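K.L.:
Generate a structure from the sequence data that follows.
(one chain, ligands or ions: 1)
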Amino acid sequence: MSETNPATAEVAAPHRYTAAVAAEIEARWQDFWDADGTYAATNPKGDLAGDSKLVAKPKKYVMDMFPYPSGAGLHVGHPLGYIATDVFARFQRMTGHNVLHTLGFDAFGLPAEQHAVQTGEHPRVTTEAAINNMKSQLRRLGLGHDKRRSFATIDPDYYKWTQWIFVQIFNSWYDDEAEKARPISELVARFESGERAVPGGRSWDALSAAERADVLGEYRLAYASDAPVNWCPGLGTVLANEEVTADGRSERGNFPVFKAKLRQWNMRITAYADRLLDDLNELDWPEAIKLQQRNWIGRSEGARVDFPIDGEAITVFTTRQDTLFGATYMVLAPEHPLVEKFTPAAWPEGTHDVWTGGHATPAEAVAAYRAQAASKSDVERQAEAKDKTGVFTGAFATNPVNGEQIPVFIADYVLMGYGTGAIMAVPAHDTRDFAFARAFELPVRCVVEPSDDRGTDASTWDDAFVSYDAKIVNSHGEDVSLDGLGVIDAKARITEWLARKSIGEGTVNFRLRDWLFSRQRYWGEPFPIVYDEDGIAHSLPESMLPLELPEVEDYSPRTFDPDDADTSPETPLSRNQDWVDVTLDLGDGRGPRPYRRETNTMPNWAGSCWYELRYLDPHNSEKLVDPEIEQYWMGPRAGQPHGGVDLYVGGAEHAVLHLLYARFWSKVLYDLGHISSPEPFHKLYNQGMIQAFVYRDSRGFPVPATEIEERDGAFFHNGEQVKRELGKMGKSLKNAVTPEAICEEYGADTLRLYEMAMGPLDVSRPWDTRAVVGQYRLLQRLWRNVVDEATGEVTVVDAEPDETTLRALHKAIDGVRQDLEGLRFNTAIAKVTELNNHLTKTGAAVARPVAESLVLLIAPLAPHIAEELWRKLGHTDSVVHQDFPVADPRYVVDETVTCVVQVKGKVKARLEVSPAISDDELEKVALADEKVVAALDGAGIRKVIVRAPKLVNIVPA
Ligand code: ANZ
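P.N.:
Next up is the predicted model:
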């Protein structure tokens, strides 16, 4: 059917599906859905309980990673995932599920705070305006959210529970024996009764309140400690490593940055390292994300080994204890606390010049090197390619396996924060140690037999030989020998020997660090913590939550003389005396007392650590979540042993932090008995990105994408040729396309279809506004198959569809069902299009059952037009809760398929056969075919290869 000029077409076809019609239909149905509560998910009890028939259905919990409400609003790239989950959720509703799908806002964060610093406008004001703007943008897309369940993390009745969870974490410890968190009161009881020894050996009764608090601080899952941070007095704030330049200054403002120790809150996520690893196995997540989490947690099995020195010992962590005989020197991190202790006053007799770095004494050398190392980030220090630097400490330690005296160096490639901050260096078999040994002229000794032809004289090698699959050599001492063993056996033997001698033990080390949980900011959740006159931290009782943010005059942190390292941060909250200094009765029997509030705020991650639970029971003011409701939506079940959300969709950039923190909080809440699901998200899916073309002028500046003219494959802006590249979409690249613009031109259903049709959901794809019209035409043809464009009358007929149409219909139903279940929305749309085109091509009025099925098939993808056509077809109830069509298997298989018969590789015949034909049957039919008989011309048959139902290949004798 040819496309006519839209202007004249509207006169000839006043009832054509146009952008104006789409706008009217869409607004009307959106109002209807809101008024009707069409997307309300029913809880088994509580204020959102409703239709018990719904709760009897299987549940489906479909969730998006919620957005930060940016002032810039959404461009068409943002809703890709939201549309996808909406299509999936709608499909699930139509296949018998009670579906929970809603969307909230992750609304604390830096952009609003920075805006407040600059303008003095309260971040809540700008954030709420941004939320309202986003809500109306999202509403225009027809997303089927249960709006009763939406909230923002800045709502006090939400962050009350964020604070409450913090209190639970603060008041618990990790019991290694039971492998779970328990209330801290149980630990106190054990200390009191003597069932568990108090560290330090004193009795619990004998300790002061402050001493008890210190002991418990070593156990609490949320604890304050002095953590090394990048302190920038000139900005008045602590900076992340990424914000500090290579020469130790702030990226912003170029002020000096000092390493300072600051009292900071931490979360003991490391206690959960093993469980966070193990439980990944049962989750339905992309393997790439699981791998990133595994690497982040970084479990290494190895050993701790003591190297005696001056009657004490330096303990190293190694994963290659099998190479102990090849250790020819040691390295401590420059910050290692033992460095001063063993550094002698003068260089030992005959110390090599390259070892001293030209310094007169070891102390001088150490001090100079430390200063140099302090200005580098861990990432820079670990860079593989970089030249190895370091300096000798003047001390020697003893290799415990052979009694050799080996020199002790400090070097920045060893990090204080990993293992024990000290290593034994085995230059023959470790790349970094090899480079260091060559630079400092240290001996290199082969103890793992090379599998190549380099030989065992390591002094001639060009690089280290690194292998786990080889034999140990040159490794025998007085009472232990590893010679001839493989790596695994050698590790086991030496570990056993070390343990027997009490100089080492097998150990597991994790790369994962505890989570630094304080920020010196205004726009975050206040900590529910106060300090008494002894400086002891107390959590607030539940009755005092939420602890709301105070109003402040100034949102910026105080700044200081940029060079004054002896300052410390003064947070926006700390300047508010009335709020900070309070007299409270915490209900602990001590009566009203003066306290000082914690003035840091929680990091941005906190609010997203448990929001999946709040959606379940969003108005509960008594409990985090009602257990029965939590169990219904999240509880473990067949195939989901750890429970969790059935589908969680978001960007792959959240592979680690958000997902790891949320998993950690779930596990603590699970251990403490507040929820039944130890994992928050059973199935995770990462959508791709919508990219966009960026056009740059001759100076490299982006020019507005909407003003580009294309001529013969070249691109022009104001007559000047510009370059086109593929990049992100956004205001700064002048290529943002808003959903409103597309909705206005074509309608939301077209936008939804276009985004879903662009390609597989997990693949990134370039936006092309000119291609959107393709989906618009699909909807116009769909409309025309049901409605007369001239009269607006429904044209479908009450007749039986013909056989070909039935086949086309049921094949589409079968395919679309599978595609929607598998999140293959692009191929689902292709199948709907094919069916629709089939109906268009026949030219006849469409039979009612076919038209109705077609409308139901497209309903999850294009819900507004589906509602409208469903209504026009005479139904009075919404299409949203109709049953999705089920294919009749009789019409799904093709009646016949074409089988190609080859003789000597050449096609000789084509047979129409049943798709279910067996190999034997097909061979018989093929050999009986007269063209085949003619081709064989009486020759015997050597071989017949049959691939039923499509191919028979005959090889004559
Ligand atoms: C001796 C050795 C011999 C090592 C050998 C490796 C190969 P992963 O697997 O990442 O845990 N190491 C230990 N602590 C370190 C620190 N604080 N800074 C830098 N490097 C450190 O790595 C463990 C290995 O990294 C350890 O095993 C240690 O070097 C080094 F042929 O010990 B190995």
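
K.L.:
can we go C-alpha only for contacts and neighbour counts from here?
P.N.:
Noted.

K.L.:
pLDDT-wise, which helix or strand of the protein ranks last?
P.N.:
helix 6-12 (a mean of 57; mean pLDDT, DSSP states H and E).

K.L.:
Hmm, residue 204 is touching residue 192, no?
P.N.:
Yes: Residue 204 lies in contact with residue 192 (Cα atoms under 8 Å); the separation is 5.6 Å.

K.L.:
Pick out whichever of those two has more residues nearby.
P.N.:
Neighbour count, other Cα atoms under 10 Å: between residue 204 and residue 192, residue 204 has more, with 21 against 15.

K.L.:
Let me see the contact set for the residue in the stretch 851-957 of the chain positioned nearest to the ligand.
P.N.:
For the stretch 851-957 of the chain, the residue closest to the ligand is residue 861, as judged by Cα to the nearest ligand atom, at 47.4 Å. By Cα atoms under 8 Å, 6 or more residues apart in numbering, the residues touching residue 861 are 87, 749, 752, 753.

K.L.:
Using just helix, strand and coil, how would you label the third one?
P.N.:
Right, the one you point to is residue 752. helix (DSSP: H, G, I helix; E, B strand; the rest coil).

K.L.:
quick one: it and residue 83 touch, right?
P.N.:
Yes: using Cα under 8 Å, residue 752 makes contact with residue 83 at a distance of 6.5 Å.

K.L.:
how much space between residue 150 and residue 184?
P.N.:
Going from residue 150 to residue 184 by Cα to Cα, to the nearest Å gives 34 Å.

K.L.:
same check, this time on residue 176
P.N.:
13 Å.

K.L.:
quick one: low-confidence ranges for the protein?
P.N.:
For the chain, applying pLDDT under 70 flags the ranges 1-12, 242, 377-379, 383-385.

K.L.:
Those residues of it touching the ligand, which are they?
P.N.:
Within the chain, the positions near the ligand by Cα under 6 Å from any ligand atom are 300, 317-320, 323, 413-416, 418-426, 429-430.

K.L.:
Among these, which ones are in strands?
P.N.:
Among the residues of the chain next to the ligand, the members found in strands (DSSP state E) are 300, 317, 318, 422, 423, 424, 425.

K.L.:
Serialize those residues to TSV and add fields for distance to residue 354 and neighbour count.
P.N.:
Below are those laid out as TSV (distance: Cα to Cα, whole Å; neighbours: other Cα atoms under 10 Å):
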residue	distance to residue 354	neighbour count
300	34	14
317	27	25
318	27	25
422	21	26
423	21	25
424	20	28
425	18	27
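
K.L.:
on that earlier part again, which one's more surrounded, residue 752 and residue 83?
P.N.:
Shown here are residue 752 and residue 83; by other Cα under 10 Å, residue 752 has more neighbours (28 against 24).

K.L.:
residues in contact with that one?
P.N.:
83, 141, 861, 862.

K.L.:
at 10 Å instead, please
P.N.:
Residues in contact with residue 752 (Cα atoms under 10 Å, 6 or more residues apart in numbering) are 76, 79-80, 82-84, 86-87, 141-143, 739, 743, 772, 775, 861-863.

K.L.:
Could you do residue 400 as well?
P.N.:
Applying Cα under 10 Å, 6+ apart, the residues contacting residue 400 are 305, 306, 307, 308, 324, 325, 477, 498, 501, 503, 504.

K.L.:
Can you tell me which of the residues you listed are buried?
P.N.:
305, 306, 307, 308, 324, 325, 498, 503, 504 (16 or more other Cα atoms under 10 Å).

K.L.:
that older thread, who's more crowded, residue 150 and residue 184?
P.N.:
Per other Cα under 10 Å, whichever of residue 150 and residue 184 has more neighbours is residue 184, with 21 against 15.

K.L.:
wait, isn't residue 722 in contact with residue 707?
P.N.:
No: applying Cα atoms under 10 Å, one finds residue 722 not in contact with residue 707, separated by 11.3 Å.

K.L.:
shared neighbours, these two?
P.N.:
Common neighbours of residue 722 and residue 707, counting by Cα under 10 Å, 6+ apart, are 695, 716.

K.L.:
Let me see the ranges of the helices in the stretch 51-200 of the chain.
P.N.:
With DSSP state H, counting those that start in this stretch, the ranges of helices along the stretch 51-200 of the chain come out as 52-56, 80-94, 110-119, 123-139, 156-170, 184-193.

K.L.:
Name the surrounding residues that touch the shortest one.
P.N.:
If you take Cα under 10 Å, 6+ apart as the criterion, helix 52-56 is touched by 41, 42, 43, 44, 45, 49, 96, 97, 98, 99, 632.

K.L.:
so residue 220 touches residue 183, yeah?
P.N.:
Yes: counting by Cα under 10 Å, residue 220 does reach residue 183; the two are 9.3 Å apart.

K.L.:
Neighbour count: the two, which is higher?
P.N.:
Neighbour comparison, residue 220 and residue 183: the larger count goes to residue 220, with 24 against 18 (by other Cα under 10 Å).

K.L.:
Phi, psi for that one please.
P.N.:
Per-residue torsions, residue 220: phi -60, psi 150 (degrees, to the nearest 10).

K.L.:
Quick one: residues contacting it.
P.N.:
By Cα under 10 Å, 6+ apart, residue 220 lies in contact with 169-174, 181-184, 187, 213, 266-268.

K.L.:
for the nearest residue to it once chain neighbours are set aside, what are its contacts?
P.N.:
Once flanking residues are discounted, residue 220 sits nearest to residue 173: 4.7 Å by Cα to Cα, 6 or more residues apart in numbering. Residue 173 makes contact with 180-187, 216-222, 268, 271, 668, according to Cα under 10 Å, 6+ apart.

K.L.:
For the nearest residue to residue 872 once chain neighbours are set aside, grab phi and psi.
P.N.:
Leaving out its chain neighbours, the residue that sits closest to residue 872 by Cα to Cα, 6+ apart is residue 794, at 6.8 Å. Dihedral pair for residue 794: phi -70, psi 130, per degrees, to the nearest 10.

K.L.:
surely residue 794 meets residue 874?
P.N.:
Yes: under the criterion of Cα under 10 Å, residue 794 makes contact with residue 874 at 9.5 Å.

K.L.:
ok so, going back, tell me the one of the contacts of helix 52-56 nearest the ligand?
P.N.:
Of the contacts of helix 52-56, the one sitting nearest to the ligand (Cα to the nearest ligand atom) turns out to be residue 632, at 41.3 Å.
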